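S.K.: Using only what follows, build the 3D model:
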Amino acid sequence: MTDSPASNRETRRSDHTTIRYTASGPADGEAEGPALVLVHGWACDRTDFDAVTAHLPAHRRVLAVDLAEHGASRSTRDVWSIEEFAHDVAAVLEAESVDSAVVAGHSLGGAVAVETARLLPGTVTRVVALDALIYPALFPAQSEERTDAAVRAFREDFPRAVRGLVEGGSPAGFDPALKDAYTARMSAVRQPAGTRAIEGLVRWDMDAALGAVEQPVTVFAVRELLAREAVDRYGDRLDIVPVDLGSHHFPVEAPHATAELLAPLV
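M.R.: The predicted structure is shown next:
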């Protein structure tokens, strides 16, 4: 387990975005192997990875990032695409002078990790998706009609649409209190970025992104939620590993086990 003090830091992207993040472990030049960059899911923040980081080896350099308008990061920008979120992560890597990194993302963060690999092919050596990239309702990019319907649901009744996402990411019999907690927390995401970010996710072209990156992509997917359709479509491109660690939010629910999944890949 890491006993190096965590440091809260920030970096600015021009005048419109300030990205805040937590750096743990030794300085990049002193760390063993690539840095591990952790990217949270939609409507969540970097504190989801606090306990995961605490269970990682002390020699590992870890950077946990708040994407724009999530957690402590702030932005007045107009573009809320997955590609733009990748630039948030890239700004942190530049600020920390990282020359080699494994980028691990949960949910929307998995898509951001893929785009970061596309943006920085010489820096990102591997992508890890934590219950991401394997939900047929989100990946690949939907038709304009289905995209409009999904976005309209969030614009018309945001809490209800968030609840639908939480329910879809919960195995049968999952703790109702935790579902309530996730729904309440995610419904409080800053607006209008929250709605525009989910629209960016629905409009993201995963097929094009995966076709443009050469780095290996490992997906840890909740077994009970893993669709056969996703395995058939992406099994040749993604290394899909089923896990039994809880719900879609398993990094929060099982941080020690999540750290054990990540450590060998770095």
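S.K.: Flag every buried residue along stretch 90-110.
M.R.: 90-93, 95-96, 98, 100-110 (16 or more other C-beta atoms under 10 Å). C-beta coordinates here come from the backbone N, C-alpha and C atoms, glycine included.
S.K.: Which parts of the stretch 101-250 of the chain are helices?
M.R.: 108-119, 144-156, 158-168, 176-187, 193-203, 206-212, 228-234, 250-253 (DSSP state H, counting those that start in this stretch).
S.K.: what's the shortest one in contact with?
M.R.: So that's helix 250-253. When contacts are defined by C-beta atoms under 8 Å, 6 or more residues apart in numbering, helix 250-253 is touched by residues 48-49, 51-52, 106, 130-131, 178, 222, 243, 245-247, 257-258.
S.K.: now the longest one
M.R.: Outside of helix 144-156, the residues that reach it under the criterion C-beta under 8 Å, 6+ apart are 137, 141-142, 160-162, 164, 195, 198-199, 202-203.
S.K.: Show me which of these are buried.
M.R.: 141-142, 161-162, 164, 195, 198-199, 202-203.
S.K.: still on that earlier bit, out of the contacts of helix 144-156, give me the two with the largest separation.
M.R.: The span of these, defined through C-beta to C-beta, is set by Ala141 and Arg160 at 23.9 Å.
S.K.: Enumerate every residue touching the nearest residue to Asp45 once chain neighbours are set aside.
M.R.: In space, and not counting its chain neighbours, Asp45 is closest to Gly71: 3.0 Å by C-beta to C-beta, 6 or more residues apart in numbering. Neighbouring residues of Gly71 by C-beta under 8 Å, 6+ apart: 20, 40, 44-47.
S.K.: just to revisit the earlier point, lowest-confidence entry in the contacts of helix 144-156?
M.R.: In terms of pLDDT, the lowest of the contacts of helix 144-156 is Ala141, showing 63.
S.K.: sorry, back to before: I'd like to know which of the helices of the stretch 101-250 of the chain is closest to Thr218.
M.R.: Nearest to Thr218, of all the helices of the stretch 101-250 of the chain, is helix 108-119, at 10.3 Å by C-beta to C-beta.
S.K.: what angle sits between the closest one and helix 193-203?
M.R.: Angle of helix 108-119 versus helix 193-203, following axes from the mean of the first three to the mean of the last three C-alpha atoms, to 10 degrees, is 60 degrees.
S.K.: quick one: helix 108-119 to chain centroid distance?
M.R.: Relative to its chain's centre, helix 108-119 lies at 8 Å (C-alpha atoms, centre = their mean, to the nearest Å).
S.K.: circling back to that earlier point, nearest to Tyr234 among the buried ones among the contacts of helix 144-156?
M.R.: For the buried ones among the contacts of helix 144-156, the nearest to Tyr234 is Ala141 (13.9 Å; C-beta to C-beta).
S.K.: about what we covered before: next step: the contacts of helix 250-253 restricted to strands.
M.R.: Assigned to strands by DSSP state E, the following of the contacts of helix 250-253 qualify: 106, 130, 222, 243.
S.K.: These, buried ones only, as a ChimeraX selection?
M.R.: Buried members of the ones in strands among the contacts of helix 250-253, defined by 16+ other C-beta under 10 Å, are picked up in ChimeraX with:
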select :106,130,222,243
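S.K.: could the ones in strands among the contacts of helix 250-253 be laid out in CSV, adding pLDDT and distance to Thr11?
M.R.: Shown next, in CSV, are the ones in strands among the contacts of helix 250-253 (pLDDT from 0 to 100; distance: C-beta to C-beta, whole Å):
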residue, pLDDT, distance to Thr11
His106, 98, 21
Leu130, 98, 24
Val222, 98, 33
Val243, 98, 32
